[in-house]
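>>> sequence unknown, structure follows:
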């Protein structure tokens, strides 16, 4: 509940009062950045966010996705700086793959990376499809390989 909603509902708690509440809850709950099971068996995270009963909002999921994509793209371009010289569509494909499997696992696509460095997008797409990842994600791999091959968003 936002401070403004809380204030309207109670007519008594000011933003300063809400700040005290927030600071006390932060102190009492403690910060846990990875999911954990709380004392009553609920999956929780952060400052006691009850994921079992409350989950997260769409806005929170979007904010997490933005952050995760930025982190993934930064990690990808640090590992493979030449990716920045590729067309945006092919950067999108590699970003999608990196997000899905992680950059460390994506590094294992050695033949795909060699083909990309050579500008051979047909072979890169074939190498994408010739993988456990492709079998695991099915239509996602087919779509991304075709985007790699054509250089067009599908």
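Received, thanks. Because the structure is predicted, anything quoted here is derived from the model rather than measured.
>>> Scan the protein for its longest strand.
Longest strand in the chain by number of residues, with DSSP state E as the criterion: strand 32-37.
>>> So in that sheet, which strands flank it, and in what orientation?
Strand pairing for strand 32-37, using DSSP bridges, gives strand 43-46 (antiparallel).
>>> Next secondary structure after the strand it pairs with?
strand 49-50 (DSSP states H and E).
>>> Residue 73: how many residues sit nearby?
19 (other C-beta atoms under 10 Å). C-betas here are computed from N, CA, C, even on glycine.
>>> Just to be sure, it is in a strand?
No. Looking at residue 73 with DSSP: H, G, I helix; E, B strand; the rest coil, it is helix, so not inside a strand.
>>> For it, give its distance to residue 67.
Noted for residue 73: a distance of 11 Å to residue 67, by C-beta to C-beta, to the nearest Å.
>>> same deal with residue 85?
26 Å.
>>> Outline the domain layout of this structure.
3-54, 58-150 (automatic domain parsing).
>>> Mind putting those domains into TSV with mean pLDDT?
Shown next, in TSV, are those (pLDDT from 0 to 100):
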stretch	mean pLDDT
domain 3-54	87
domain 58-150	98
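>>> any idea which helix or strand carries the nearest residue to residue 144 once chain neighbours are set aside?
What sits nearest to residue 144 in space, not counting adjacent residues and going by C-beta to C-beta, 6 or more residues apart in numbering, is residue 93, at 4.9 Å. According to DSSP H and E, residue 93 maps onto helix 88-101.
>>> show me what contacts the residue positioned nearest the centre of the chain?
Nearest residue to the geometric centre of the chain (C-alpha atoms, centre = their mean): residue 68, 3.4 Å. Applying C-beta atoms under 8 Å, 6 or more residues apart in numbering, one finds that residue 68 lies in contact with residue 99.
>>> Fine, thanks again, bye for now.
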